[in-house]
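>>> Here you go, sequence then predicted model.
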Amino acid sequence: MGRIVLGLLLLASLAYAKEWKLHINGMHCIACTLAVKKALMGVSGVQEAKVNFKNESAIVIADDKVTLRMMQDAVAQTGYSAAVQK
Amino acid sequence: MHRREFIKITAVSGAICLTPSFLTASSTLTLKEGLSVYKLSWKFDLSHHSANACALWVPLPSDISGFQRLIELGDSTEAETHFESDHNRYGARTFYALWEKSAVSKTLELSMNVALRDRQCDFRPKRICPDEMENAKAFLAPSAHIPTDGAVAKVAKLIVGGEKNPLKKARKIYDWIVENSYRDENVHGCGVGSPNAMLSQLERDGRMGGKCLDMSALCVALMRASGIPAREVMGIRVGASRLSPAFGASEDITKAQHCKVEFFIPNMGWIPCDPADITKLVLKEGIDKNSPRAIELANKFFGFWENNWMALNHARDFDLYPANTQGTLDSFGYPYAEVDGEYLDPFEPKSYRYTIRSTKEAK
């Protein structure tokens, strides 16, 4: 029963999750991806963040309540900047 | 399939390769005269990434004629793909392993024997082959992390002044870095190696804090800006130092990475120096930079490296082979790994799960 409830909760969270593709500006080496990932994962409601140095990008899976501004503020705290990738 | 391979560069051929410079050299050089052999064991376990593909690039020791030789390399792994290569811009020797998502055991064990000898430059002119002269010119060029213009050029000019002799110019730069920098233990790993960040700090605070890659990168940038070919040499301390505990390592050398500098003088070849270790000496021994001991070792470390340190490569701002997902690598002194294309922090060996151990072979 517990597993079913957990499964339903997971499905529900995925159903309300949104995928963001961000452009990350200012990373000067691969190690910078760690700081950006940590900042994004620190935003309440972010479930997953994958950061790529070569493409200067991040793919973020987050709850509906997470806004672009929340992620931009978190990334800015680490000295980088984020925008929606076009 | 469990696979264990040993690539024996020698018992026999290694001895032959070592013969001219290490062992016989007019029968004057014996094992007691500075040659040490270290047995190293690198162990990686990425099995906790059970649902992910893992790729690992391990920097292997280079061969430096007369001073360093990898005499045996063995590997043990169940990785689907694994091989040794030096197919990159700097010829940095690399061991590569790739595990598919489905692999249960994602482990790698590398064992190696490395012969090391003290490297002491006598600063006497000698014949340098034209190829080496030509190859050295590549180390005048700027790279993504080694600028030679702007603040670097300006400061280099101030340090060097009207000096024309390249060796004296190099010494002025070395002394200037020792004088103006300090070791900052809060810096992660070996530092980021950004000359401009160091110079900004100097402008703001009147001195520069950092670790070996920071000071070495600044030294390289200033030398290149002054017309002296120079490069960082990534490496690792493999044993105790005869000179100071500050320069040594115990058996667990997982966090003993250290970067030095080499610069090129046309009639002398590549010369080592190490401004960063003088700042480490000052901090660890609690001595003054102007104390007789610090001055003595600063003089010694211009043209010297000890045989308890093993060089890996001088690669900087380069692309790995096979290609990684994250792109151009800043430097290659630590094992580089990706899990489903994401970078694994090598400065956290406990969560990364790797260890490096070293034991000195009895003479």
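Nice, I can see it. Numbering: from 1, shown residues only, chains lettered A, B, ... in the order given.
>>> what about the biggest strand by length in chain A and chain B, touching?
For chain A, the strand reaching the highest residue count under DSSP state E is reported as strand A:17-25. No. Strand A:17-25 is not in contact with chain B by C-beta under 8 Å from any C-beta of the partner chain; minimum separation 12.5 Å. In this view, the C-beta of every residue, glycine as well, is placed from N, C-alpha and C.
>>> got the contact list for the residue in the stretch 101-250 of chain B that chain A sits nearest to?
Distance from chain A to each residue of the stretch 101-250 of chain B (C-beta to the nearest C-beta) is smallest for B:Val192, at 6.9 Å. B:Val192 is in contact with A:Cys29, A:Ala31, B:Leu213, B:Asp214, B:Asp330, counting by C-beta atoms under 8 Å, 6 or more residues apart in numbering or on different chains.
>>> Correct me if wrong, but it is in a helix.
No. Using DSSP: H, G, I helix; E, B strand; the rest coil, the secondary structure at B:Val192 is coil, not a helix.
>>> rewinding a little: I'd like to know the average pLDDT value across the longest strand of chain A.
The average pLDDT for strand A:17-25 rounds to 96.
>>> Next, whichever residue of chain A sits closest to chain B: secondary structure please.
In chain A, the residue that lies nearest chain B is A:Lys54 (2.9 Å; C-beta to the nearest C-beta). Per three-state DSSP, the local secondary structure of A:Lys54 is coil.
>>> coming back round to it: partner strands of the longest strand of chain A and their direction?
Partner strands and pairing direction for strand A:17-25 (DSSP bridges) are strand A:57-63 (antiparallel), strand A:81-84 (antiparallel).
>>> Would you mind finding the most buried of those strands?
strand A:57-63 (a mean of 19; mean count of other C-beta atoms under 10 Å in any protein chain shown).
>>> residue ranges with poor pLDDT in the chain?
Answering for chain A, as no chain was given. Along chain A, the parts satisfying pLDDT under 70 run over A:1-3, A:5-15.
>>> that answer is for a different chain, and I need it for chain B
B:1-33, B:363.
>>> Next to chain A, which bits of it? Give me the list.
Counting by C-beta under 8 Å from any C-beta, chain B sits next to chain A at B:144-145, B:192, B:194, B:325-330, B:340-343, B:345.
>>> List buried residues within those residues.
Neighbour-count burial (16 or more other C-beta atoms under 10 Å in any protein chain shown) applied to the residues of chain B next to chain A gives B:His145, B:Val192, B:Ser194, B:Gln326, B:Thr328, B:Leu329, B:Asp330, B:Glu342, B:Tyr343, B:Asp345.
>>> Mind picking the two most distant members of those residues?
B:Ser194 and B:Glu342 (23.3 Å; C-beta to C-beta).
>>> was I right about A:Phe53 contacting B:Asn324?
No. Using C-beta atoms under 8 Å, A:Phe53 is not in contact with B:Asn324, being 9.6 Å away.
>>> A:His28: what's it in contact with?
A:His28 neighbours (C-beta under 8 Å, 6+ apart): B:Ala144, B:His145, B:Ser194.
>>> Show me what stretch B:119-130 is in contact with.
Residues from elsewhere that reach stretch B:119-130 (C-beta under 8 Å, 6+ apart): B:64, B:67, B:167, B:266-269, B:271-272, B:303-305, B:307.
>>> re earlier: need the next SSE after the longest strand of chain A, C-terminal direction.
helix A:32-41 (DSSP states H and E).
>>> re earlier: ok, the residue nearest to the residue of chain A closest to chain B when sequence neighbours are not counted - contacts?
Of all residues not flanking A:Lys54 in the chain, B:Gly327 sits nearest, at 2.9 Å (C-beta to C-beta, 6 or more residues apart in numbering or on different chains). Residues in contact with B:Gly327 (C-beta under 8 Å, 6+ apart) are A:Ile30, A:Asn52, A:Phe53, A:Lys54, A:Asn55, B:Asp319.
>>> filter those residues to the buried ones?
The buried subset of those - by 16+ other C-beta under 10 Å - is A:Ile30, A:Asn52, A:Phe53, A:Lys54.
>>> Assign a three-state SS to the one residue in chain B that gets nearest to chain A, would you?
Distance from chain A to each residue of chain B (C-beta to the nearest C-beta) is smallest for B:Gly327, at 2.9 Å. Counting by three-state DSSP, the backbone at B:Gly327 sits in coil.
>>> Also the one 3 residues further on?
The three-state label for B:Asp330, taken from three-state DSSP, comes out as strand.
>>> Relative to B:Lys154, how far out is the closest residue to it other than its chain neighbours?
If the residues on either side of it in the chain are set aside, B:Asp330 comes closest to A:Cys29, at 4.0 Å by C-beta to C-beta, 6+ apart. Distance, A:Cys29 to B:Lys154, by C-beta to C-beta, to the nearest Å: 24 Å.
>>> Tell me which of the two has more neighbours.
Counted by other C-beta atoms under 10 Å in any protein chain shown, A:Cys29 and B:Lys154 do not tie: A:Cys29 has more neighbours, with 20 against 11.
>>> picking that back up, which one of the strands paired with strand A:17-25 lies closest to B:Asp175?
strand A:81-84 (39.6 Å).
>>> how far is the closest one from where the chain is centred?
Remark: strand A:81-84 is offset 11 Å from the chain centroid, using C-alpha atoms, centre = their mean, to the nearest Å.
>>> Now the phi/psi pair for residue 56, please.
This is for chain A. phi 50, psi 50 (degrees, to the nearest 10).
>>> Contacts only, for it.
Neighbours of A:Glu56 in contact, by C-beta under 8 Å, 6+ apart: A:His23, A:Ile24, A:Asn25, A:Met27.
>>> Tell me the one among the residues you listed nearest to B:Ala136.
The closest of these, once distances to B:Ala136 are taken by C-beta to C-beta, is A:Met27, at 31.6 Å.
>>> Spatially, what comes nearest to that closest one if we skip its sequence neighbours?
That would be A:Phe53: by C-beta to C-beta, 6+ apart, it lies 5.6 Å from A:Met27.
>>> So which residue is smack in the middle of the chain?
All of this refers to chain A. A:Val60 (3.3 Å; C-alpha atoms, centre = their mean).
>>> hm, I was asking about chain B
Centre-most residue of chain B, counting by C-alpha atoms, centre = their mean: B:Met234, 1.6 Å.
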